[in-house]
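Asker: Sequence and computational prediction follow.
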Amino acid sequence: MFNMKQVFTILILFVVFASCKTSTLQKIAKTNYVETRDTGHEGNAKILKGIINRSVLLNDTAFNWYKDNYKYANPSADAVKAFKERKNKFKILVFGGTWCHDTQNLLPLFYKIIDQSTYAESNVYLLGVDRKKSAGNNLNVEYKIEKVPTFIIIDSKGKEFGRVVEYGETGAIDKELAAIVNKIPS
């Protein structure tokens, strides 16, 4: 058996390790976005760096690409079903660049999956990155972000189940995200 000192030490270690991933999500939540302009590239593109949400994209005319591409997004029924069936089992980190054409094409498709599956948008952490892929708070280093968009599926404790980078391996991010989500124990 354990003595009280050993039990206390084990308890402290458990709390420290259990809080590590929570602090990562807290760090993400505290990464307020900043707005910059890329004056030397693509017609003075507006760049958002840090935690953003969809309403920022919807309410700023600099991001009309979101509404335009959302209209035409058509996610697979399998993706919608996977998100719906396991919606309480995972969270999603999305690293994307408001200046990035791949993000502009894929982020609306991702959000259409969210909408059609009734997945809670509060479980989506959308992190805008600059051209160096920095999101603030060193999150791009912590999550090894090299290309955007990057969609990372994590459990409620912060364990990564899988990720899809840019267009993924098959060019069908909705199906690749569904495959990851379907592997999460129900």
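Answerer: Sure thing, it's come through.
Asker: so where's the protein shaky on pLDDT?
Answerer: The chain contains residues with pLDDT under 70 at 1-33, 39-43.
Asker: for it, longest strand please?
Answerer: Longest strand in the chain, counting residues (DSSP state E): strand 45-52.
Asker: got the buried residues for it?
Answerer: 45, 47-52 (16 or more other CB atoms under 10 Å). In short, each C-beta sits where N, CA and C put it, glycine included.
Asker: Could you dump those residues into CSV and include distance to Pro108?
Answerer: Shown next, in CSV, are the buried residues of strand 45-52 (distance: CB to CB, whole Å):
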residue, distance to Pro108
Ala45, 18
Ile47, 18
Leu48, 16
Lys49, 20
Gly50, 20
Ile51, 19
Ile52, 14
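Asker: closest to Ile152 among these?
Answerer: Ile51 (14.3 Å; CB to CB).
Asker: That closest one and Leu126 touch, don't they?
Answerer: Yes: the criterion here is CB atoms under 8 Å, and Ile51 meets it with Leu126 at 6.9 Å.
Asker: quick revisit: packing partners of the longest strand of the chain?
Answerer: strand 34-38, strand 124-128 (3 or more CB pairs under 8 Å, 6 or more residues apart in numbering; DSSP states H and E).
Asker: all strands for the chain, in order.
Answerer: Going by DSSP E, the chain shows strands at 34-38, 45-52, 91-96, 124-128, 150-154, 160-165.
Asker: export these to a markdown table and tack on distance to Glu142?
Answerer: Shown next, in a markdown table, are these (distance: least, CB to CB, whole Å):
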| stretch | distance to Glu142 |
| --- | --- |
| strand 34-38 | 19 |
| strand 45-52 | 14 |
| strand 91-96 | 10 |
| strand 124-128 | 11 |
| strand 150-154 | 11 |
| strand 160-165 | 11 |
